[in-house]
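S.K.: Sequence and computational prediction follow.
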Amino acid sequence: MAMSNTRDFGGKVVLITGSARNLGRAIAEALAQAGAAVVINSRSSKQEMEATAAAIKAAGGRAIAHLADITDANAVKRMVQATVDTFGKLDILVNNAVAHNVKPFQELSFDDWRHTMAVILDGTFHCTQACVPEIVRSGGGSIVNMGGAFGHLPHPGRAATSAAKAGLAGLTRALALELAAHNINVNCVSPGPANTVRETPSQFDTKRIPLGRFAEPSEVVAMVKLLCSPDGRYITGQTIHVNGGLYMNN
């Protein structure tokens, strides 16, 4: 990765949860290439998180790695304070952390259910509440919640994730309404299956996707960048599907 000459995010500071690898890392690298200082977060993937931050710095960007469990409100507050202590402010939050739990509903324990809700919804709650005052102090900015196709389409074994991601879309609209007065736009990017590293290979049939393939991470990242850029600041309260036509909201 090499830093480009495009500096659309020069002077901006971005916190991205769950950004040690996959889409989170791709978002971090893209925004760093565009000039932002980025905070890389993970709950437990310390080596991958630090490697991501090191790669960004080696390419001439600015980054720090911060290990924090976003389901812990105090840990989130410490992460936000570390962000401000290091870079002086905060402009953009990307709520990207996710918990995958693939089980038939009748085999899903309440602990499984709660863990998924805690990471996707409670984590977004904690991070947004902690970050908003700092974004307001910066004069406004952007929040992007990373949703998913399963929040809008049924799929076997995804009850918990579907419920949490659908809730994220609703939370996005509520936040967009409340935070508009503070010059903060809030949107949800809902990707379909993407070509990322998976602990278990995806069994998703690409024949269900009109464009016939998984997304490249860069295609999802492009939408995140737009929504956080000056060109996207008039877009708010939207769930934008980046999934090759898998879900068409009519």
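M.R.: Nice, I can see it.

S.K.: which stretches of the chain aren't confidently modelled?
M.R.: Residue ranges of the chain with pLDDT under 70: 1-7, 197-204, 249-250.

S.K.: ok, which stretches of it are strands?
M.R.: 13-16, 37-42, 62-67, 92-95, 141-146, 184-191, 239-242 (DSSP state E).

S.K.: could these be laid out in JSON lines, adding mean neighbour count?
M.R.: All C-beta atoms are positioned from the backbone trio N, CA, C, and that covers glycine. As requested, these are exported to JSON lines (neighbours: other Cβ atoms under 10 Å):
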{"stretch": "strand 13-16", "mean neighbour count": "28"}
{"stretch": "strand 37-42", "mean neighbour count": "28"}
{"stretch": "strand 62-67", "mean neighbour count": "20"}
{"stretch": "strand 92-95", "mean neighbour count": "28"}
{"stretch": "strand 141-146", "mean neighbour count": "26"}
{"stretch": "strand 184-191", "mean neighbour count": "26"}
{"stretch": "strand 239-242", "mean neighbour count": "20"}
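
S.K.: Tell me which of those sits nearest to Thr86.
M.R.: Smallest distance to Thr86 across the strands of the chain (Cβ to Cβ): 5.5 Å, for strand 62-67.

S.K.: The residue lying closest to Leu153 once chain neighbours are set aside and Ser190, how far apart?
M.R.: The shortest distance from Leu153 to any non-neighbouring residue, by Cβ to Cβ, 6 or more residues apart in numbering, is to Tyr247 (5.5 Å). According to Cβ to Cβ, to the nearest Å, Tyr247 and Ser190 sit 7 Å apart.

S.K.: ok so, going back, for the strands of the chain, give me CSV that also has distance to Glu48.
M.R.: Shown next, in CSV, are these (distance: least, Cβ to Cβ, whole Å):
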stretch, distance to Glu48
strand 13-16, 13
strand 37-42, 7
strand 62-67, 9
strand 92-95, 17
strand 141-146, 18
strand 184-191, 20
strand 239-242, 24
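
S.K.: so which of those comes closest to Lys165?
M.R.: Checked against Cβ to Cβ, the stretch from the strands of the chain lying closest is strand 184-191, at 7.6 Å.

S.K.: what about the closest residue to His66 other than its chain neighbours, how many neighbours?
M.R.: Among residues not flanking His66 along the chain, Met79 sits closest, at 4.9 Å (Cβ to Cβ, 6+ apart). Per other Cβ atoms under 10 Å, the neighbour tally for Met79 reads 24.
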